[in-house]
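Undergrad: Just need the structure, nothing else, for what follows:
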Amino acid sequence: MTEASTQSVPVLGDTSVRISVGRVRRMRRTAFRFVRNQPLGALGLFIVAAIVAVAVFAPLIATHGMNETSLGDRLVGPSAQHYFGTDNLGRDQFSRIVYGTRTTLQVALGAVIIGMTIALTVGMVSGYFGGWFDIIVQRIVDAWMAFPTLILLLSLVAVLGAGLAQIIGVLSLLIGVGGIRVIRATTLGYRKATFIEAAHVIGASPTRILVRHLAPNLFGPLMVLTTLGLSSAILAEASLSFLGFGVPPPAASWGRMLSGSSSLYLYKAPWLAIFPGLAITVVVFGVNMLGDALRDELDPRMRGSR
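TA: The predicted structure is shown next:
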């Protein structure tokens with residue numbers, strides 16, 4: 001046999017396997033580095049992932065129905081049958097908190113997705129083009145931010161009515177308008193950058209510059225705004241539900257669980273307020289820790305200082 005015939009011939013499948021293995025190793029190294037550099041951020045990521053899993057598999061995790069009542073088990077303390085006790089109607093608190101994660105995530109994710117879309121689109125256009133459009137947008141943002149947040153939310157919900165879609169719409173405006181200024185400021189910093197000037201020289205249209213060149217460079221601030229928006233939406237939804245303007249029954253809501261029977265039976269059954277309050281605290285803590293870690297990892301100046 002000749003020497004040429006004994007040489008191994010590269011196979012396309014082997015090449016793709018090597019590329020996949022290399023990509024998995026890079027992802028593993030990135031994950032280990034993130035855990036080592038940002039332990040609190042890793043804890044926040046674990047909490048967020050756990051909450052998402054609880055919301056997805058709520059029927060499998062809950063031990064009772066969301067609104068299943070048992071008058072013989074009214075105001076029963078935490079036990080092996082009712083992990084977090086029961087309320088004044090005999091409903092299992094653990095199951096209602098588990099189902100409440102669905103309401104919380106629906107409102108928070110819906111509001112953040114719509115709000116970040118508004119912030120990214122309006123902020124980029126306002127910062128890139130400037131002129132009269134930028135002046136009008138910034139004056140609207142100033143007027144919006146001049147009102148107290150809770151009073152503005154209550155006013156809008158009172159006009160639009162209580163409901164899942166209405167709450168998501170109101171919170172998306174709150175998050176979107178607040179993020180416009182951050183996206184605009186970042187866009188102003190990139191507007192005179194070299195790669196933007198080069199795109200102008202080769203004749204790229206403004207739409208192509210915004211979508212292909214500017215938007216990818218706003219990914220870091222957008223991710224930080226997203227995590228901050230999630231925690232803000234969770235707290236705002238809980239506040240509205242506590243005041244009776246949130247998602248109406250029979251949907252379970254952590255904020256609504258803190259009002260009504262919780263305040264009436266607080267001394268007799270403190271678990272009615274303790275466990276929903278802990279759920280809100282843990283989720284907001286996890287989202288905030290994840291947001292701080294993403295800010296440190298995605299901001300080159302923070303990486304350099306570390």
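
Undergrad: chain center to stretch 226-241, what's the gap?
TA: Relative to its parent chain, stretch 226-241 has a centroid offset of 9 Å by CA atoms, centre = their mean, to the nearest Å.

Undergrad: just stretch 161-178 next, same as before
TA: 14 Å.

Undergrad: buried set for it?
TA: Across stretch 161-178, burial judged by 16 or more other CB atoms under 10 Å covers 166-178. Bear in mind the C-beta positions are built from the backbone N, C-alpha and C, glycine included.

Undergrad: And the furthest pair within the residues you listed?
TA: Spatial extent of the buried residues of stretch 161-178 (CB to CB) is set by the pair Q166 and G178 at 19.0 Å.

Undergrad: ok so, going back, quick one: which of the buried residues of stretch 161-178 is nearest L45?
TA: I175 (20.9 Å).

Undergrad: Contacts only, for the closest one.
TA: By CB atoms under 8 Å, 6 or more residues apart in numbering, I175 lies in contact with A111, V112, G115, M116, A119, L225, G229, S232, A233.

Undergrad: Check which helix or strand the nearest residue to the third one once chain neighbours are set aside maps to.
TA: Read that as G115. In space, and not counting its chain neighbours, G115 is closest to I175: 3.2 Å by CB to CB, 6 or more residues apart in numbering. Element membership for I175, per DSSP states H and E: helix 164-190.

Undergrad: Following element in sequence after that helix, please.
TA: helix 194-201.

Undergrad: List the buried residues in that next one.
TA: Quick answer for helix 194-201 (16+ other CB under 10 Å): I196, A199.

Undergrad: and what of stretch 46-57?
TA: Using 16+ other CB under 10 Å as the test for burial, stretch 46-57 gives I47, V48, I51, V54, A55.

Undergrad: Quick check: the farthest pair among those?
TA: Among these, I47 and A55 lie farthest apart (CB to CB), at 12.8 Å.

Undergrad: show me where pLDDT drops low in the protein?
TA: 1-22, 34, 260-261, 298-306 (pLDDT under 70).

Undergrad: wait, what's in contact with the spatially most central residue of the chain?
TA: By CA atoms, centre = their mean, the chain has its centre lying nearest to L230, at 3.2 Å. Applying CB under 8 Å, 6+ apart to L230 gives the contacts A108, L109, V112, V287, G291.

Undergrad: Which strand or helix spans the spatially closest residue to G246 that is not a sequence neighbour?
TA: Distances taken as CB to CB, 6+ apart put L240 closest to G246, at 4.2 Å, once the chain neighbours are dropped. According to DSSP H and E, L240 maps onto helix 219-242.
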